[in-house]
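Student: Quick one, what's the 3D model for this:
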Amino acid sequence: MLYHWYELNHAAMRPARFVANTVRLACQNPFNPWSHTAAGRHVAAVCEVFERTTRRYEKPTFGIETVCQDGVDVKVREQVVWQKPFCRMVNFERENDAAFLRDDPKVLLVAPMSGHYATLLRGTVETLLPDHDVYVTDWQDARDVPLAAGRFDLNDYIDYVIEMIRTFNGDVHVFAVCQPSVPVLAATAVMEANNDPNVPRSVVLAGGPVDTRVSPTAVNHLAESKGT
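Tutor: As a prediction, the model looks like this:
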């Protein structure tokens, strides 16, 4: 029912978006004297903010076609290696034999799913690709998932992360960015508690809502002593 209301509200806002965009274009037209005034610029800015805020944005692509590896441009292709209704895991496969012979470390980037697309981490993927075998969680928009797929809550989120980690048989480093820090931490804790042999080699929690002061480590103490 909530999705129906969401679609109804989006459709109802369409005329208002059209009017706002029309006013913006009029206020930014250089032949309109009002566009050269502070009031005209303010009206144009307000209309632009309204139109952009209420617009529905399509999912952008990563668009990573090549990566420079050892001074050579190597082609990259996206390959889905794991998939369930609410998420799929994408590998950025480097199309050359040297990439496999190098035995680069595998990195699973767990992207935020709270209103973001995985392409938010495009820069991170590009930075890691020359020296790592990169995988990323491509979360699906719940609006596009059929009701028959069932619910998806925090427990399901954690189960998804555990399943993805297990596909690497313990040979992976997990990098959680922002919001997924909590479910990744929980997934790793569950695996450790169950003596799961597939626990990741390392886990990085970047910018997540995790208070490391609760269980301080040597790294925490070193950072505090340096005032960072």
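
Student: Please name the nearest non-neighbouring residue to residue 26.
Tutor: Setting aside the residues directly before and after it, residue 26 is nearest to residue 32 in space (Cβ to Cβ, 6 or more residues apart in numbering), at 6.1 Å. C-betas here are computed from N, CA, C, even on glycine.

Student: these two touch, right, the one you found and residue 43?
Tutor: No - using Cβ atoms under 8 Å, residue 32 is not in contact with residue 43; the gap is 10.9 Å.

Student: Tell me which of these two has more neighbours.
Tutor: Set side by side, residue 32 and residue 43 show more neighbours around residue 43, with 19 against 14, by other Cβ atoms under 10 Å.

Student: Can you name the helix or strand that the more buried one falls in?
Tutor: Per DSSP states H and E: residue 43 is located in helix 38-54.

Student: again with residue 67
Tutor: Per DSSP H and E: residue 67 is located in strand 66-69.

Student: Now do the buried residues in that strand.
Tutor: Using 16 or more other Cβ atoms under 10 Å as the test for burial, strand 66-69 gives 67, 69.

Student: same thing with stretch 208-217?
Tutor: Buried, per 16+ other Cβ under 10 Å, within stretch 208-217: residue 208.

Student: Could you do stretch 116-127 as well?
Tutor: Going by 16+ other Cβ under 10 Å, stretch 116-127 has these buried residues: 117, 118, 119, 121, 122, 124, 125, 126.

Student: Keeping just the C-alphas, turn the next helix or strand after the strand holding residue 67 into PDB.
Tutor: Note on strand 66-69: by DSSP H and E, the next helix or strand toward the C-terminus is strand 72-84. Only the C-alpha atoms of strand 72-84 are listed here, as PDB (Å, rounded to 0.1, in the frame of the first residue of the first chain):
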ATOM      1  CA  VAL A  72      49.100  -0.800 -19.600                       C
ATOM      2  CA  ASP A  73      45.400  -0.100 -20.100                       C
ATOM      3  CA  VAL A  74      43.400  -3.200 -19.300                       C
ATOM      4  CA  LYS A  75      39.800  -3.800 -20.200                       C
ATOM      5  CA  VAL A  76      37.300  -4.200 -17.400                       C
ATOM      6  CA  ARG A  77      33.900  -5.900 -17.600                       C
ATOM      7  CA  GLU A  78      31.200  -6.200 -14.900                       C
ATOM      8  CA  GLN A  79      30.100  -9.700 -14.100                       C
ATOM      9  CA  VAL A  80      27.400 -10.800 -11.700                       C
ATOM     10  CA  VAL A  81      28.800 -13.600  -9.600                       C
ATOM     11  CA  TRP A  82      26.100 -13.900  -6.900                       C
ATOM     12  CA  GLN A  83      22.400 -12.800  -6.900                       C
ATOM     13  CA  LYS A  84      19.300 -12.800  -4.800                       C
END
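
Student: Partner strands of strand 72-84, with direction?
Tutor: According to DSSP bridges, strand 72-84 forms sheet pairs with strand 66-69 (antiparallel), strand 87-94 (antiparallel).

Student: Give me the contact list for it.
Tutor: If you take Cβ atoms under 8 Å, 6 or more residues apart in numbering as the criterion, strand 72-84 is touched by 62, 64-68, 88-96, 99, 129, 135, 138, 160, 163-164, 167.

Student: Just the buried residues from those, in PyMOL please.
Tutor: Buried members of the contacts of strand 72-84, defined by 16+ other Cβ under 10 Å, are picked up in PyMOL with:
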select buried, resi 62+64+67+88+89+90+91+92+93+94+99+129+135+138+160+164
